[in-house]
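# Would you be able to build a 3D model of this:
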Amino acid sequence: MKKSLYFYIEPYVYIRGCESGIILINLLDDKAFTFKDIQSIKIGLSLLSSPKRTVKIAEEDLQTPIIIVTNKNFMGDIVSASSQPLQFYSEINEVSGIEAYRKSVIYSKYNIGRFISNCTIFVDMANQDCRDYIKCITGVESIPDNSICRVLSKMDKNDIDLYINKLVDINPNMTLNICGINCHLLDYISEKHPAVTINPILSLRTLKSSPELCDFIRQNKTKYTLLLDLPCDKSDIFIKDMIHSIYVKITNEEDIYDANNLSEIGCQIKSCPVLTSDNIDFIKSLLSISNDDLLNIDNKYRTIKINNLINSNFWGKIYVFPKGKVCYSLASDYIIELNQLYDTYKGDFLNGTFDWTITRNFSNCRFCMFQYLCPSPNHIETYLRMKGLIKCLMTKD
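Prediction:
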């Protein structure tokens, strides 16, 4: 019987492709190669669609770039056979999206409360600190359109007690960020819940206008998160205070320069780009990624695996608002009652159709070879896409 040539890739090779290109990644040594010639793309797409994970090739195909590179780097080979051979199954190439998540989550279905690791409690939505923090997290100057972020209500001590108790019942090790708080409430929470990890979120404005709150933090050496608008005086006593981390609002190039200067004096900086009416091009430049950025990522297997399963920007975080309203994402319309949080969360966690699992599934991304190398979409990218202001992050090339 006449034999034919068949091309295959090894199970440790990640392959993804579209009509504009093919990417191969050796998951053992992290080497990545892209191919944009017509014949390499044709062979790569045929390989992706083959149920046996092998593809028949002609003699002249042996000089095709994808085959030459694959053979040279021990990522695949050519076999001569009378019938199409079957290559080993490679899960990372076959299972993706919600199917991959549900297949993985069955190993984590016990004690799932531990995955809620970070909760922000908005005590008083009329407090400007809450509005500023929401802007830092969403990256948008305007408050999200969902109803939960626009209700100007607040909690009392009984509410806070009830909410904290319910949250630590789910995960005793959960970090509780408290925003919109005054000195009296912070003192009360610290005394009533000494075993709970509390992280107050306070603006420079609030600290300067409340000496009592400032004194309490310093006397008790309370670690906190400082919300900071730039420019600022680097010699300010609050800036030099090393018992906090700093969320810096970034709206232009000067802000980046100032943030870098703060880092150089030892401040723990988290840069928070925020979209305004006149800095769209600047924000888009911060989001943009090049081929080299993606191809030079370390540990590509881990990156692909994570981006295929979860949204690393949202994972593990919840937000609690007055009246016991809870959400997984500040831009979401999906609201949970705190009294039903664990049961609702358990169903969402096992099913996988919630904000923590929003992966890069935009129409332009679904057919891109870099889909799972690109970072998880964040609030600001999603907002720009919704407004039709951005279609692809890869704008440098």
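
# Excluding sequence neighbours, find me the nearest residue to Asn177.
Nearest residue to Asn177 in three dimensions, chain neighbours excluded: Thr120, at 4.2 Å (C-beta to C-beta, 6 or more residues apart in numbering). For the C-beta atoms, the positions are set from N, CA and C on the backbone; glycine is no exception.

# For the one you found, give me its contacts.
In this structure, Thr120 makes contact with 133, 176-179, 201, 317-320, judged by C-beta atoms under 8 Å, 6 or more residues apart in numbering.

# at 10 Å what do you get?
Residues near Thr120 by C-beta atoms under 10 Å, 6 or more residues apart in numbering: 130, 133-134, 137, 175-179, 199, 201, 225, 317-321, 330.

# do the same with Ala100
If you count contacts by C-beta under 10 Å, 6+ apart, Ala100 has them with 91-92, 94, 305, 308-309, 352, 357, 359.

# let's go with 7 Å and repeat that
For Ala100, the contacting residues are 308-309, by C-beta atoms under 7 Å, 6 or more residues apart in numbering.

# do the same with Thr344
Thr344 is in contact with Ile336, counting by C-beta under 7 Å, 6+ apart.

# Asn165 versus that one, what's the distance?
Using C-beta to C-beta, to the nearest Å, we find Thr344 at a distance of 18 Å from Asn165.

# same deal with Ser117?
The spacing between Ser117 and Asn165, counted by C-beta to C-beta, is 18 Å.

# before we move on, which element is the nearest residue to Thr382 once chain neighbours are set aside in?
Nearest residue to Thr382, sequence neighbours excluded (C-beta to C-beta, 6+ apart): Ala331, at 7.0 Å. Assessed by DSSP states H and E, Ala331 sits outside every helix and strand.

# Tell me the confidence at Ala331?
According to the prediction, Ala331 has pLDDT 84.

# give the contact list for it.
138, 144, 146, 379, 382.

# try 10 Å
134, 137-140, 144-146, 149, 314, 355, 378-380, 382-383, 386 are the contacts of Ala331 under C-beta under 10 Å, 6+ apart.

# Out of the residues you listed, list just those in helices.
With helices defined by DSSP state H, the entries of the contacts of Ala331 inside them are 134, 137-138, 379-380, 382-383, 386.

# what's the distance between the residue nearest the centre of the chain and Asn307?
When C-alpha atoms, centre = their mean is applied to the chain, the residue found nearest the centroid is Asn313 (2.2 Å). Counting by C-beta to C-beta, the gap from Asn313 to Asn307 is 11 Å.

# Touching both of those two, which residues are there?
Listed as contacting both Asn313 and Asn307 by C-beta under 10 Å, 6+ apart are 375-377.

# Columns distance to Asn299 on top of those, output as a markdown table?
Formatted as a markdown table, the shared contacts of Asn313 and Asn307 follow (distance: C-beta to C-beta, whole Å):
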| residue | distance to Asn299 |
| --- | --- |
| Pro375 | 14 |
| Ser376 | 16 |
| Pro377 | 21 |
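
# ok now the particular helix or strand that has Phe349 in it, how far from the chain's centre?
Assigned by DSSP H and E, Phe349 belongs to helix 341-351. Relative to its chain's centre, helix 341-351 lies at 20 Å (C-alpha atoms, centre = their mean, to the nearest Å).

# Flag every buried residue along that helix.
For helix 341-351, a neighbour-count test (16 or more other C-beta atoms under 10 Å) marks 341-342, 344-345, 348-349 as buried.

# Count the neighbours of Asn68 for me.
Actually, residue 68 is Ile rather than Asn. 12 (other C-beta atoms under 10 Å).

# For the helix or strand it falls within, which residues meet the burial criterion?
Using DSSP H and E, Ile68 sits in helix 65-72. In terms of neighbour count (16+ other C-beta under 10 Å), helix 65-72 has its buried residues at 65-67, 69-70.

# again, but for stretch 49-68
Neighbour counts using 16+ other C-beta under 10 Å place 50, 53-55, 57, 61, 64-67 of stretch 49-68 among the buried residues.

# Not counting sequence-adjacent ones, nearest residue to Ser153?
Pro322 (4.0 Å).

# so what's that neighbour up against?
Neighbouring residues of Pro322 by C-beta under 10 Å, 6+ apart: 121-126, 148, 151-156, 159, 163, 180.

# Of those, which is the most crowded?
Using other C-beta under 10 Å as the neighbour criterion, Phe122 leads the contacts of Pro322 with 29 neighbours.

# and that one, what are its bridge partners?
Beta-bridge partners recorded for Phe122 (DSSP bridges): Cys179.

# about what we covered before: buried ones from the contacts of Ala331, can you make that a ChimeraX selection?
This is the ChimeraX syntax for the buried subset of those, where burial follows 16+ other C-beta under 10 Å:
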select :134,137,138,139,140,144,149,314,355,378,379,380,382,383
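
# The helix ranked longest in the chain: how far from the chain's middle?
Across the chain, the longest stretch assigned as helix under DSSP H is helix 157-170. Remark: helix 157-170 is offset 27 Å from the chain centroid, using C-alpha atoms, centre = their mean.

# likewise stretch 74-94?
Computed by C-alpha atoms, centre = their mean, the chain-centroid distance of stretch 74-94 equals 34 Å.

# Adding pLDDT and distance to Leu275, write the buried residues of stretch 49-68 out as TSV.
Shown next, in TSV, are these (pLDDT from 0 to 100; distance: C-beta to C-beta, whole Å):
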residue	pLDDT	distance to Leu275
Ser50	93	44
Arg53	91	44
Thr54	94	48
Val55	95	45
Ile57	95	49
Asp61	95	48
Thr64	97	44
Pro65	97	41
Ile66	97	40
Ile67	97	45
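
# which one of those sits closest to Glu337?
Arg53 (47.5 Å; C-beta to C-beta).

# residues in contact with stretch 35-52?
6-9, 15-24, 33-34, 53-57, 60-61, 63-70, 76, 83-87, 93-94, 369.

# Which ones among those lie within strands?
Those of these mapping onto strands are 6-9, 15-18, 21-24, 33-34, 54-57, 76, per DSSP state E.

# What subset of the residues you listed is buried?
Buried subset of the ones in strands among the contacts of stretch 35-52 (neighbour count, 16+ other C-beta under 10 Å): 6-9, 15-18, 21-24, 33-34, 54-55, 57, 76.

# tell me the domain ranges of this protein?
With domains defined by automatic domain parsing, the chain comprises 4-94, 112-386.
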